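Student: Quick one, structure for this:
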Amino acid sequence: MLLQDSAKSFMRTCALEAGLISERNSQSLALALEPEAACLSTEQAGSFLVTGDKFMVLDCGGGTVDITMHRSVCKLAFYSLCTCV
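Tutor: This next block holds a predicted model:
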């Protein structure tokens, strides 16, 4: 499921009111879906992915299982092959 614009707007407003950003359209705040965040976290934890690697992210919890497949196209850049929710 993609984040709707209204949800993104609400999260930006919350971040602004919480003092996390100084202006509503700050480039310091990036909103990412869980599979994207998991990919970035994995890569930052240990640089073991090389260009062309394919990997699966499983998000199990809260009564659902989300499965996404990705391919590393370069350092900290990923291409989603498919998403199953």
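
Student: quick one, longest strand in this structure?
Tutor: As assigned by DSSP state E, the longest strand anywhere in the chain is strand 64-74.

Student: which other helices and strands contact it?
Tutor: helix 34-45, strand 54-61, strand 77-84 (3 or more CB pairs under 8 Å, 6 or more residues apart in numbering; DSSP states H and E). C-betas here are computed from N, CA, C, even on glycine.

Student: packing partners for the second one?
Tutor: Counting contacts by 3+ CB pairs under 8 Å, 6+ apart, strand 54-61 is packed against helix 34-45, strand 64-74.

Student: mind putting these in JSON lines, distance to residue 6 included?
Tutor: Output for these, formatted as JSON lines (distance: least, CB to CB, whole Å):
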{"stretch": "helix 34-45", "distance to residue 6": "19"}
{"stretch": "strand 64-74", "distance to residue 6": "21"}
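
Student: quick one, which of the ones you listed is nearest to residue 18?
Tutor: Residue 18 lies closest, by CB to CB, to one member of the helices and strands packed on strand 54-61: helix 34-45, at 18.5 Å.

Student: any idea of the pLDDT on the residue minimising distance to the centre of the chain?
Tutor: Residue closest to the average C-alpha location in the chain (CA atoms, centre = their mean): residue 36, at 2.5 Å. For residue 36, the model assigns a pLDDT of 75.

Student: That one and residue 69: what is the separation?
Tutor: Taking CB to CB, to the nearest Å as the measure, residue 36 falls 13 Å from residue 69.

Student: Next: residue 18.
Tutor: From residue 18 to residue 69 the distance is 34 Å (CB to CB).

Student: Low-confidence stretches in the protein?
Tutor: Judged by pLDDT under 70, the chain has its weakly predicted residues at 1-3, 42-47, 74-85.

Student: Residue 18 and residue 69 - which one has more neighbours?
Tutor: residue 69 (15 against 8; other CB atoms under 10 Å).

Student: Correct me if wrong: that one contacts residue 58.
Tutor: No - using CB atoms under 8 Å, residue 69 makes no contact with residue 58, being 10.5 Å away.
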